[in-house]
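Asker: Curious how this folds, go ahead:
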Amino acid sequence: MDEPGALARFFKLASDTLRGYALEFVGRSLNRTENEIDPEILNSLQLLWEKRLETARNSTERSSYATELAAFGWWFGSGKFDDTWAIAQIKQILELTGKVDPDFLLLERLAVLVDTMPESSVECLELLMKNDKSGWSIYGWQNETKAILSKAIQSNSGQAIKTAENIIQDLGKCGHWEYRNLLPPSGSK
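Answerer: Alright, predicted model coming up:
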């Protein structure tokens, strides 16, 4: 049986939920893999992902890809892919759908990447928060959010600092004043 053909057929015929489950399964497997993964396998997975993202982006029914795209959070959380590539994928997903599952893995990984990629990390946090329509998710994200914002403010990136300060201001407007102590004292920077 021609595997690429079977895989293409699966993605063509499966529902968004089933496609999402398949991609989540791959991501969970990556997460559980302690050893290094063969670069050829990672390359094949990247190509598969890029094809899926392109298909969703070109669709007139983007909402029919929301679950599938959100499942990339498991891939991202695994830390197995090149960080620059992976965070660019997350940003695109957040721009297209506004959510990534599971959000806790996304935030844990962003809290690590903010040290080397402060602008991208804080931009992803900003997109995630803007798309949190209920406003309740911030309560589950507090520790990671504080870590990301704090590190972004302490970074040497003017853009990361500005974005982090804007997020803190927006949080304050919603009654989350506990973040204001992350801001540097007036006139200190």
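
Asker: Show me the helices in this structure, by range?
Answerer: Using DSSP state H, the helices of the chain run over 3-13, 16-32, 39-58, 66-70, 72-78, 83-96, 103-113, 118-130, 137-140, 142-154, 158-173.

Asker: Let's have those in TSV, adding mean pLDDT, distance to residue 181 and mean neighbour count.
Answerer: Where C-beta positions appear, they are placed from N, C-alpha and C, glycine not excepted. Shown next, in TSV, are the helices of the chain (pLDDT from 0 to 100; distance: least, Cβ to Cβ, whole Å; neighbours: other Cβ atoms under 10 Å):
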stretch	mean pLDDT	distance to residue 181	mean neighbour count
helix 3-13	86	47	11
helix 16-32	97	33	17
helix 39-58	97	38	14
helix 66-70	97	32	23
helix 72-78	98	28	24
helix 83-96	97	27	18
helix 103-113	97	18	20
helix 118-130	97	17	22
helix 137-140	86	16	13
helix 142-154	97	9	20
helix 158-173	96	9	17
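
Asker: Next, format those as JSON lines and append distance to residue 183.
Answerer: Shown next, in JSON lines, are those (distance: least, Cβ to Cβ, whole Å):
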{"stretch": "helix 3-13", "distance to residue 183": "46"}
{"stretch": "helix 16-32", "distance to residue 183": "35"}
{"stretch": "helix 39-58", "distance to residue 183": "36"}
{"stretch": "helix 66-70", "distance to residue 183": "32"}
{"stretch": "helix 72-78", "distance to residue 183": "28"}
{"stretch": "helix 83-96", "distance to residue 183": "24"}
{"stretch": "helix 103-113", "distance to residue 183": "19"}
{"stretch": "helix 118-130", "distance to residue 183": "14"}
{"stretch": "helix 137-140", "distance to residue 183": "17"}
{"stretch": "helix 142-154", "distance to residue 183": "7"}
{"stretch": "helix 158-173", "distance to residue 183": "6"}
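
Asker: now that we're looking at the residue nearest the centre of the chain, how far away is residue 108 from it?
Answerer: Ranked by distance to the mean C-alpha position of the chain (Cα atoms, centre = their mean), the top residue is residue 90 at 3.8 Å. To residue 108, residue 90 is 13 Å away according to Cβ to Cβ, to the nearest Å.
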